[in-house]
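> Starting from these lines, generate the structure:
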Amino acid sequence: MAMGSLGNSNSTIKVVIDTSALITLCEGQDFFRAVEAEYGTVKYIIPTSVVHELKKLSLDNAKYARCYNLVQKIIERNNISVIFTGDSKYADADLLDMTANLFVTNDMELAKKLNSQNKKVFILKKNKYYDFY
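As a prediction, the model looks like this:
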(Lines give C-alpha, C1' and ligand atoms only; values in the text may rest on other atoms or scores of the structure.)
Protein backbone atom coordinates (compact mmCIF):
# COMPACT_ATOMS: atom_id res chain seq x y z
CA MET A 1 0.00 0.00 0.00
CA ALA A 2 1.50 3.30 -1.09
CA MET A 3 1.20 6.19 1.30
CA GLY A 4 2.46 9.02 -0.86
CA SER A 5 3.54 12.00 1.19
CA LEU A 6 0.23 12.51 2.98
CA GLY A 7 0.75 10.62 6.17
CA ASN A 8 1.83 7.42 7.77
CA SER A 9 0.10 4.09 8.16
CA ASN A 10 -1.19 5.09 11.62
CA SER A 11 -3.27 8.05 10.46
CA THR A 12 -6.42 8.23 8.41
CA ILE A 13 -5.95 10.23 5.25
CA LYS A 14 -8.81 12.70 4.79
CA VAL A 15 -9.72 13.47 1.17
CA VAL A 16 -12.15 16.31 0.39
CA ILE A 17 -14.11 16.13 -2.87
CA ASP A 18 -15.14 19.23 -4.85
CA THR A 19 -18.25 19.68 -7.02
CA SER A 20 -16.24 19.54 -10.24
CA ALA A 21 -14.74 16.20 -9.16
CA LEU A 22 -18.21 14.78 -8.52
CA ILE A 23 -19.29 15.88 -11.99
CA THR A 24 -16.22 14.23 -13.51
CA LEU A 25 -17.05 11.08 -11.56
CA CYS A 26 -20.51 11.13 -13.15
CA GLU A 27 -18.81 11.35 -16.55
CA GLY A 28 -17.13 8.01 -15.89
CA GLN A 29 -13.78 8.94 -14.38
CA ASP A 30 -13.03 6.87 -11.29
CA PHE A 31 -10.77 9.06 -9.19
CA PHE A 32 -11.43 6.83 -6.16
CA ARG A 33 -9.31 4.05 -7.65
CA ALA A 34 -6.45 6.41 -8.53
CA VAL A 35 -6.40 8.08 -5.09
CA GLU A 36 -6.52 4.74 -3.28
CA ALA A 37 -3.79 3.28 -5.53
CA GLU A 38 -1.56 6.17 -4.47
CA TYR A 39 -2.51 6.43 -0.76
CA GLY A 40 -4.26 3.24 0.30
CA THR A 41 -7.34 3.46 2.49
CA VAL A 42 -8.67 7.00 2.82
CA LYS A 43 -11.71 8.74 4.32
CA TYR A 44 -13.66 10.73 1.73
CA ILE A 45 -15.41 13.92 2.79
CA ILE A 46 -17.89 16.07 0.90
CA PRO A 47 -18.84 19.47 2.38
CA THR A 48 -22.57 20.22 2.45
CA SER A 49 -21.91 23.32 0.35
CA VAL A 50 -20.59 21.06 -2.42
CA VAL A 51 -23.73 18.91 -2.26
CA HIS A 52 -25.88 22.08 -2.34
CA GLU A 53 -23.92 23.42 -5.32
CA LEU A 54 -24.51 20.20 -7.28
CA LYS A 55 -28.18 20.20 -6.29
CA LYS A 56 -28.55 23.79 -7.51
CA LEU A 57 -26.98 22.82 -10.84
CA SER A 58 -29.36 19.85 -11.04
CA LEU A 59 -32.41 22.11 -10.94
CA ASP A 60 -31.53 23.66 -14.29
CA ASN A 61 -29.94 20.78 -16.17
CA ALA A 62 -31.02 17.14 -16.66
CA LYS A 63 -27.38 16.00 -16.92
CA TYR A 64 -26.63 17.44 -13.49
CA ALA A 65 -29.90 16.05 -12.12
CA ARG A 66 -28.77 12.54 -13.10
CA CYS A 67 -25.36 13.27 -11.62
CA TYR A 68 -26.86 14.52 -8.35
CA ASN A 69 -28.91 11.32 -8.05
CA LEU A 70 -25.86 9.18 -8.80
CA VAL A 71 -23.76 11.07 -6.24
CA GLN A 72 -26.42 10.47 -3.58
CA LYS A 73 -26.17 6.72 -4.25
CA ILE A 74 -22.35 6.82 -4.24
CA ILE A 75 -22.37 8.64 -0.89
CA GLU A 76 -24.72 6.06 0.65
CA ARG A 77 -23.02 2.97 -0.77
CA ASN A 78 -19.47 4.04 -0.02
CA ASN A 79 -20.04 5.53 3.43
CA ILE A 80 -18.69 8.92 2.36
CA SER A 81 -18.98 11.58 5.06
CA VAL A 82 -20.97 14.69 4.23
CA ILE A 83 -19.87 17.33 6.71
CA PHE A 84 -21.91 20.38 7.57
CA THR A 85 -20.24 23.60 6.46
CA GLY A 86 -22.90 25.99 7.70
CA ASP A 87 -25.21 27.96 5.49
CA SER A 88 -22.42 28.92 3.13
CA LYS A 89 -23.36 29.17 -0.51
CA TYR A 90 -19.74 29.18 -1.64
CA ALA A 91 -18.26 25.71 -1.87
CA ASP A 92 -14.85 27.02 -2.96
CA ALA A 93 -14.60 29.26 0.10
CA ASP A 94 -15.49 26.34 2.34
CA LEU A 95 -12.85 24.15 0.70
CA LEU A 96 -10.23 26.84 1.18
CA ASP A 97 -11.14 27.00 4.90
CA MET A 98 -10.99 23.22 5.41
CA THR A 99 -8.12 21.09 6.63
CA ALA A 100 -7.52 17.78 4.89
CA ASN A 101 -4.67 15.70 3.55
CA LEU A 102 -5.85 15.92 -0.06
CA PHE A 103 -8.39 17.86 -2.13
CA VAL A 104 -9.86 16.35 -5.32
CA THR A 105 -11.01 18.83 -7.98
CA ASN A 106 -11.19 19.47 -11.70
CA ASP A 107 -11.31 23.24 -11.15
CA MET A 108 -7.87 24.61 -11.99
CA GLU A 109 -8.56 28.01 -10.39
CA LEU A 110 -9.54 26.34 -7.12
CA ALA A 111 -6.55 23.98 -7.38
CA LYS A 112 -4.19 26.95 -7.67
CA LYS A 113 -5.76 28.63 -4.63
CA LEU A 114 -5.53 25.44 -2.58
CA ASN A 115 -1.95 24.91 -3.70
CA SER A 116 -1.07 28.49 -2.71
CA GLN A 117 -2.17 27.52 0.82
CA ASN A 118 0.21 24.55 0.67
CA LYS A 119 -2.68 22.10 0.42
CA LYS A 120 -2.14 18.92 -1.61
CA VAL A 121 -4.42 18.73 -4.65
CA PHE A 122 -5.42 15.87 -6.94
CA ILE A 123 -6.32 17.25 -10.37
CA LEU A 124 -8.65 15.37 -12.68
CA LYS A 125 -8.10 15.76 -16.40
CA LYS A 126 -10.65 15.13 -19.15
CA ASN A 127 -8.37 12.58 -20.81
CA LYS A 128 -8.32 10.54 -17.58
CA TYR A 129 -4.85 11.74 -16.66
CA TYR A 130 -4.29 12.64 -13.04
CA ASP A 131 -1.82 15.00 -11.43
CA PHE A 132 -0.89 15.52 -7.81
CA TYR A 133 0.20 19.02 -6.77
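
> Report the central residue of this structure.
By CA atoms, centre = their mean, the chain has its centre lying nearest to residue 17, at 1.2 Å.

> Any idea what it is bridged to?
residue 104 (DSSP bridges).

> which is the next helix or strand following the longest helix anywhere in the chain?
Determined from DSSP state H, the single longest helix within the chain is helix 62-77. Per DSSP states H and E, the first helix or strand lying C-terminal to helix 62-77 is strand 81-83.

> starting at the chain centroid, how far to that next one?
11 Å (CA atoms, centre = their mean, to the nearest Å).

> Could I get the average pLDDT for stretch 96-107?
Stretch 96-107 shows a mean pLDDT of 93.

> do stretch 21-39 as well
87.

> Now the closest residue in space to residue 80 that isn't next to it in sequence: which helix or strand?
Nearest residue to residue 80, sequence neighbours excluded (CB to CB, 6 or more residues apart in numbering): residue 44, at 4.5 Å. Quick note: C-beta positions are derived from backbone N, CA and C, even for glycine. Assessed by DSSP H and E, residue 44 sits inside strand 42-47.

> Identify the residues contacting that strand?
Contacts with strand 42-47, where a contact means CB atoms under 8 Å, 6 or more residues apart in numbering, come from 12-17, 22, 32, 35-36, 75, 78, 80-83, 85, 91, 94-95, 98, 100-102.

> Thanks again, I'm all set now.
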